[in-house]
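Q: Structure of the sequence below:
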Amino acid sequence: MQKAGITVVRVGESTWSTWEPRDGDFQFAWMQRVLDRMQQAGIKVILGTPTHSIPTWLYKEHPEILVTHGEASAPPLSDSYMPSYAGASPPGAYGVRQNYDFLNPEFRRHAERVIREIVGHFKDHPAVIGFQIDNETFPTGILTKYTQAAFLERLKQKFNTPEAMNPGLLGTAGQCLWRNLLRGAGARSELAVEEIADRGRDLHCVCFERKMAGVVEMQLRSRVVALKSLGSRR
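A: You can find the predicted model right below:
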């Protein structure tokens, strides 16, 4: 890497099962060796957080964390240079990256714990110049009991009553599409994400997508807060 002129590397991302092979058993020696060698070589390091892929033990303890990719196997490769993936459908199968409910309390608790352990251990290492708070983070678009509750709360805050949503649920000609109109305090609270997608770009769909994007933003902001609380200036 020195001969190639590399001066900064990123390491440690998507390696949760290496950092924490068992619940509460944190392993740092392997990364210590890496960081020490980088420091000796004059190469600086951005240390990644590992929660993009959850470890097997967490899946076994809390399988409800998974949200999508329910098919057992991916389709055959049609192009040897392009991967194929299992179809996306609830409730989820283990092995796919970022296959978790951002709002699941067990995921959030374990993810924050491992991040705090890593940052607390390495924040003062001279090779470390920064932390990657997540990797390729994006909304799953899958409705769970936690995202459903958060979405309904978002609608209550924005519209106050179901009836207030109705103008945005009408078509361009003022027509009622797919029985969209809502009435009453508990009206259509069970609305599924598949139904939302079927309706195209109506108000309900836009609000759902914005809420899911807000969930991702909340996760990233919470990790920044955790880093700062540990005294990290990087």
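
Q: Would you confirm that residue 140 contacts residue 101?
A: Yes - counting by C-beta atoms under 8 Å, residue 101 is a contact partner of residue 140 at 7.5 Å. From N, CA and C alone the C-beta is placed, and that goes for glycine too.

Q: Spit out the residues that contact these two alike.
A: Common neighbours of residue 140 and residue 101, counting by C-beta atoms under 8 Å, 6 or more residues apart in numbering, are residue 67.

Q: tell me the mean pLDDT for the lengthiest helix in the chain?
A: For the chain, the helix with the greatest residue count under DSSP state H is helix 203-229. Averaging pLDDT along helix 203-229 gives 79.

Q: other SSEs contacting it?
A: Helices and strands touching helix 203-229, by 3 or more C-beta pairs under 8 Å, 6 or more residues apart in numbering; DSSP states H and E, are helix 105-122, helix 145-159, helix 193-198.

Q: Buried deepest among those, which one?
A: Of the helices and strands packed on helix 203-229, the one with the most neighbours on average (mean count of other C-beta atoms under 10 Å) is helix 105-122, at a mean of 18.

Q: Tell me which residues are up against that one.
A: For helix 105-122, contacts defined as C-beta under 8 Å, 6+ apart pick out 12, 16, 19-20, 26, 28, 31, 35, 47, 49-51, 54, 58, 61-62, 64-65, 100-102, 128, 131, 146, 219, 222-223, 226-227, 230, 232.

Q: ok, the residue nearest to residue 51 when sequence neighbours are not counted to residue 20 distance?
A: The spatially closest residue to residue 51, leaving aside those adjacent along the chain, is residue 111, at 4.3 Å (C-beta to C-beta, 6 or more residues apart in numbering). The gap separating residue 111 from residue 20 is 11 Å, by C-beta to C-beta, to the nearest Å.

Q: list the contacts for the closest residue to residue 6 other than its chain neighbours?
A: Spatial nearest neighbour of residue 6, chain neighbours left out: residue 43 (6.3 Å); criterion: C-beta to C-beta, 6+ apart. With contact set as C-beta under 8 Å, 6+ apart, residue 43 has these partners: 1-2, 6-9, 127.

Q: change it to 7 Å
A: By C-beta atoms under 7 Å, 6 or more residues apart in numbering, the residues touching residue 43 are 1, 6-9.

Q: can you pick the most crowded of those residues?
A: Per-residue neighbour counts (other C-beta atoms under 10 Å) across those peak at residue 9, which has 15 neighbours.

Q: In three-state terms, label that residue for me.
A: Reduced to three states with DSSP: H, G, I helix; E, B strand; the rest coil, the structure at residue 9 is strand.

Q: Surely residue 215 is in contact with residue 102?
A: Yes - assessed by C-beta atoms under 7 Å, residue 215 is found in contact with residue 102 at 5.0 Å.

Q: which of the two has more neighbours?
A: Neighbours were counted for residue 215 and for residue 102 using other C-beta under 10 Å; residue 102 has more, 22 against 19.

Q: and that one, what helix or strand is that in?
A: Assessed by DSSP states H and E, residue 102 sits outside every helix and strand.

Q: what about it, distance to residue 150?
A: Between residue 102 and residue 150 the computed distance is 10 Å (C-beta to C-beta).

Q: show me the residues around residue 144 that make contact.
A: 67, 101.

Q: Kindly recompute the last result at 6 Å.
A: By C-beta atoms under 6 Å, 6 or more residues apart in numbering, residue 144 lies in contact with residue 101.

Q: For it, report the pLDDT, please.
A: Residue 144 carries a pLDDT value of 81.

Q: ok, now the one 5 residues further on?
A: The confidence metric pLDDT takes the value 82 at residue 149.
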